[in-house]
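Undergrad: coordinates for the following, if possible.
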Amino acid sequence: MEWHLGKVSGPSLSVFLSALAMVAFALTPASWAEAGGASSGSGRAMVFSGPQPIKAGETMDLETAVGIALKFNPAIQSAMGTARASESLIGQARSAYYPQINLSAAQQEYSITNHSLATTGQAGRFALSGLTTAASLSQNIWDFGKTPDTVEVQKYNFASSKEDLQSIRENIVLQVKQAYYGLLGALRNLNVAGMVVNQFQQHLNQAVAFHTAGVKPKFDVTQAQVNLSNARLNLIVAKNTVDVARANLNNVMGVPEAPAYDVAESLTFKKYEITFPEALAKAYSNRPDLKSLLFREDSDRASINLARTGYYPTLSGTASYGYSGQRLPFDSFWTAGVTVSFPLFSGYQTKYQLIQARENLNVTRAGLKSLKQGIYLEVQTDYLNLKAAEDRVNTAQLTVGQAKENLDVATGMYKYGVGSPLDVTDALTTYSSAETSYTSALYDYKVAQASLEKAMGLYLYGGAEK
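TA: Here you go, the predicted model:
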């Protein structure tokens, strides 16, 4: 409802404005929300957290972690809101198809001075008042494609925003995989650090026993104590690394206050069979960012057609019915008509809008070329990293076996009093380094596989494509 005021004077002005303000406040839903918000203090800033998606002590696998992230990660929630906002623009564009109906009321009080009467000595000022109420309707009959083109542009933009949402989902999936495998790697390194502490503790016990028996010098004991202290320091670092990796995973999932949980072991090697041409073909077919730009290209082409409609006339119909007068009963009136509006000159606005639309299309097409080149490089890089990580896994696994055998020999020799404590230290250090390198190789392989899957536009839960 629209209210219009003319010139108002006299004591009724304040009464009328007060009544109008009260009516406007009562009819405005936003005023209710503001009034409620004012009484609730800082309630708008409060954040309420629901139950955690995972319970303390539960074992979480990769698929569960991805599912939690897709539901709770704020970046996805933001992208979903952007997509819904883009969809609403389609409805806004379609509103031009429907009639526009308005109600209006105007109360006017004014005075007239008649100078011809004033010369005769009679009063020449008259106070008048009147009320007019009306209902009006306007309907767009034909705008030579402007409304259909506007709807088409918004449809393409909405399709593009949905692909942008999908792209963000795939980025989150990759981040979850990286964080999940990072936590698994940190846990494996923690186990290795604990094993090294146990080994050095046993070595210290043997050194003390040998020194007590007079077989080995005091140096063996002090050397074993130093090695044990260093191993305990490394264990502290490994524990902190696990805590940091868990916090990182929680953050990516969107549940930073998640309780302590276990993770299912999946940091194992399984060869990923695919060729580079196959990977590249999948990327060009599936990448959501590429699809998004293709929809943007369609939108830009439709925008050119929309800009051209600025040269064309519009045809619309209007009708109104209402009452007007100074006192009851009011006089009724009605109007009806058809209007043709032809843009003769708009200051070259349409010309420059058309230039802008064409240049936007050129920019999008250049972006498509750049993106395709970037996709080629990304797939190529991830594919080469995957193959290099595969070779590293095989080599690191062999190194672990050799280092374990060397450790068994060194500890066995020292156990029987024929070995050197330095040999045990070197063997334990070598074995620990080999295990860490193997874990790093497994992590790099899993991340390289996940990165290649993301580069190909594959939407995966763990290892299953969705």
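Undergrad: which residue is nearest the centroid of this structure?
TA: Nearest to the mean C-alpha position of the chain, by CA atoms, centre = their mean, lies Ala75 at 2.8 Å.
Undergrad: confidence score at that residue?
TA: The score at Ala75 is 92. That number is its pLDDT.
Undergrad: just checking, it touches Ile172?
TA: Yes: Ala75 lies in contact with Ile172 (CB atoms under 8 Å); the separation is 6.4 Å. (Glycine included, C-beta is placed from N, CA and C.)
Undergrad: would you map the strands across this protein?
TA: For the chain, applying DSSP state E gives strands covering 2-5, 59-60, 100-113, 125-142, 262-263, 314-325, 331-341, 460-461, 464-465.
Undergrad: quick one: low-confidence parts of the protein?
TA: Within the chain, the stretches with pLDDT under 70 are 1-51, 110-128, 460-466.
Undergrad: could I get the full set of helices for it?
TA: For the chain, the helices defined by DSSP state H occupy 12-27, 29-39, 62-72, 74-94, 115-118, 146-212, 218-253, 276-286, 288-308, 349-415, 421-455.
Undergrad: turn these into a markdown table, including distance to Ser104.
TA: Below are the helices of the chain laid out as a markdown table (distance: least, CB to CB, whole Å):
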| stretch | distance to Ser104 |
| --- | --- |
| helix 12-27 | 13 |
| helix 29-39 | 21 |
| helix 62-72 | 48 |
| helix 74-94 | 23 |
| helix 115-118 | 33 |
| helix 146-212 | 25 |
| helix 218-253 | 54 |
| helix 276-286 | 55 |
| helix 288-308 | 32 |
| helix 349-415 | 30 |
| helix 421-455 | 57 |
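Undergrad: between those helices, which one is nearest to Asn102?
TA: Relative to Asn102, the nearest member of the helices of the chain by CB to CB is helix 12-27, separated by 14.5 Å.
Undergrad: mean neighbour count added to the strands of the chain, as a markdown table?
TA: Shown next, in a markdown table, are the strands of the chain (neighbours: other CB atoms under 10 Å):
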| stretch | mean neighbour count |
| --- | --- |
| strand 2-5 | 11 |
| strand 59-60 | 16 |
| strand 100-113 | 13 |
| strand 125-142 | 14 |
| strand 262-263 | 16 |
| strand 314-325 | 15 |
| strand 331-341 | 10 |
| strand 460-461 | 18 |
| strand 464-465 | 8 |
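Undergrad: of all the helices of the chain, which lies closest to Ala135?
TA: helix 12-27 (16.9 Å).
Undergrad: any idea how far Asp423 is from His211?
TA: 17 Å (CB to CB, to the nearest Å).
Undergrad: could you count how many residues lie near the nearest residue to Leu361 once chain neighbours are set aside?
TA: Leaving aside its chain neighbours, Leu361 sits nearest to Asp300 (3.9 Å; criterion: CB to CB, 6 or more residues apart in numbering). By other CB atoms under 10 Å, the residues close to Asp300 number 20.
Undergrad: wait, Asp300 sits on Gln356?
TA: No: proximity of Asp300 to Gln356 does not meet the contact threshold set by CB under 8 Å, at 10.2 Å.
Undergrad: residues contacting the nearest residue to Gln107 once chain neighbours are set aside?
TA: Closest residue to Gln107 apart from its sequence neighbours, by CB to CB, 6+ apart: Leu131 at 5.4 Å. By CB atoms under 8 Å, 6 or more residues apart in numbering, the contact list for Leu131 reads 105-108, 324-326, 330.
Undergrad: try 10 Å this time
TA: 105-108, 323-328, 330 (CB atoms under 10 Å, 6 or more residues apart in numbering).
Undergrad: who does it bridge with?
TA: Leu131 has these beta-bridge partners by DSSP bridges: Gln107, Gly325.
Undergrad: measure it to Met413 for me?
TA: As judged by CB to CB, Leu131 and Met413 stand 112 Å apart.
Undergrad: likewise for Arg392?
TA: Computed with CB to CB, the distance linking Arg392 and Met413 is 31 Å.
Undergrad: now swap in Leu306 and tell me
TA: Leu306 sits 85 Å away from Met413, going by CB to CB.
Undergrad: which of these two has more residues huddled nearby?
TA: For Leu306 versus Met413, the count of surrounding residues by other CB under 10 Å is larger for Leu306: 22 against 15.
Undergrad: please name the nearest non-neighbouring residue to that one.
TA: Computed as CB to CB, 6+ apart, the closest residue to Leu306 that is not its neighbour in sequence is Asp149, at 3.9 Å.
Undergrad: so how far is Gly310 from the one you found?
TA: Asp149 is 11 Å from Gly310, by CB to CB.
Undergrad: of the two, which one has the most company?
TA: Set side by side, Asp149 and Gly310 show more neighbours around Asp149, with 20 against 14, by other CB under 10 Å.
Undergrad: give the contact list for Leu407.
TA: Contacts of Leu407 by CB under 10 Å, 6+ apart are 199, 423-424, 426-432, 434.
Undergrad: same thing but 7 Å
TA: 427-428, 431 (CB atoms under 7 Å, 6 or more residues apart in numbering).
Undergrad: name the nearest of those relative to Glu63.
TA: Glu63 lies nearest to Tyr431 out of the contacts of Leu407, by CB to CB, at 33.6 Å.
Undergrad: and the closest one, how far is that from Gln223?
TA: 18 Å.
Undergrad: who's more crowded, those two?
TA: Neighbour totals were compared for Tyr431 and Gln223, and Tyr431 leads with 24 against 19 (other CB under 10 Å).
Undergrad: what count of nearby residues applies to the closest residue to that one other than its chain neighbours?
TA: Using CB to CB, 6+ apart and skipping the chain neighbours, the partner closest in space to Tyr431 is Ala403 (4.2 Å). Ala403 has 21 neighbours, counted by other CB under 10 Å.
Undergrad: number the residues from 32 up from this point.
TA: Got it, the first residue is 32 from now on, which makes the last one we talked about Ala434.
Undergrad: show me what contacts Ala434?
TA: Shown in contact with Ala434 (CB under 7 Å, 6+ apart): 461-462, 465.
Undergrad: if you set the cut-off to 8 Å instead, what comes out?
TA: The contact partners of Ala434, by CB under 8 Å, 6+ apart, come to 458, 461-462, 464-466.
Undergrad: Leu417 too?
TA: 303, 476, 479-480, 483.
Undergrad: beta partners for Leu134?
TA: On the basis of DSSP bridges, Leu134 is bridged to Ala166.
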